[in-house]
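In: Here is a sequence with its predicted model. Questions after.
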Amino acid sequence: MLEQLYTLIQDFASMIRQRDAQPFDSWLKFCSKSDIRACQLFAQSLQQDYDAVRAALSTDWSNGQTEGQVHRLKLLKRQMYGRANLDLLRIRVCYES
């Protein structure tokens, strides 16, 4: 059981590192038929978002930069809680950049 889990994890990590979506369908079927409940649930969640997962495996695009900027803005807003009107927030964002 542990060996099967290790193999599934390594295969999925390999697909992500190599940006190879080709074996994804067969891996997903194998994962869904696994005896490990956590693997079955993981496969179900990937199946629900199938197109996005497949696109993430096959393209070089990432929204990491956008997510980082959103996180930075939320952090600034949190630090200014209670005194953050839009003008002050704009000044702070421009100052931090």
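Out: The structure has been received and is ready for your questions. Numbers count the residues shown, from 1 in each chain.

In: Every contact and neighbour count from this point should use C-alpha atoms.
Out: OK.

In: any idea which element residue 78 lies in?
Out: helix 64-79 (DSSP states H and E).

In: pLDDT on that helix, on average?
Out: Mean pLDDT, helix 64-79: 86.

In: Ok, stretch 12-31 next?
Out: The average pLDDT for stretch 12-31 rounds to 93.

In: and it, C-alpha only, in PDB?
Out: Extracted in PDB, the C-alpha atoms of stretch 12-31 (Å, rounded to 0.1, in the frame of the first residue of the first chain):
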ATOM      1  CA  PHE A  12       2.300  12.900 -10.400                       C
ATOM      2  CA  ALA A  13       5.300  15.000  -9.400                       C
ATOM      3  CA  SER A  14       7.100  13.900 -12.500                       C
ATOM      4  CA  MET A  15       4.200  15.000 -14.700                       C
ATOM      5  CA  ILE A  16       4.300  18.400 -13.000                       C
ATOM      6  CA  ARG A  17       8.100  18.800 -13.300                       C
ATOM      7  CA  GLN A  18       8.300  17.700 -16.900                       C
ATOM      8  CA  ARG A  19       5.000  19.500 -17.900                       C
ATOM      9  CA  ASP A  20       3.800  16.300 -19.500                       C
ATOM     10  CA  ALA A  21       0.000  15.900 -19.600                       C
ATOM     11  CA  GLN A  22       0.200  12.800 -21.800                       C
ATOM     12  CA  PRO A  23       0.100  10.200 -18.900                       C
ATOM     13  CA  PHE A  24      -2.400  12.200 -16.900                       C
ATOM     14  CA  ASP A  25      -5.500  10.300 -18.000                       C
ATOM     15  CA  SER A  26      -4.100   6.900 -17.200                       C
ATOM     16  CA  TRP A  27      -2.600   8.100 -14.000                       C
ATOM     17  CA  LEU A  28      -6.000   9.500 -13.000                       C
ATOM     18  CA  LYS A  29      -7.700   6.200 -13.700                       C
ATOM     19  CA  PHE A  30      -5.100   4.300 -11.700                       C
ATOM     20  CA  CYS A  31      -5.400   6.700  -8.800                       C
END
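
In: Roughly how far does residue 61 sit from residue 82?
Out: Separation of residue 61 from residue 82 (Cα to Cα, to the nearest Å): 37 Å.

In: all helices for this protein, in order.
Out: Assigned by DSSP state H, the helices in the chain fall at 2-18, 24-32, 37-48, 50-58, 64-79, 86-96.
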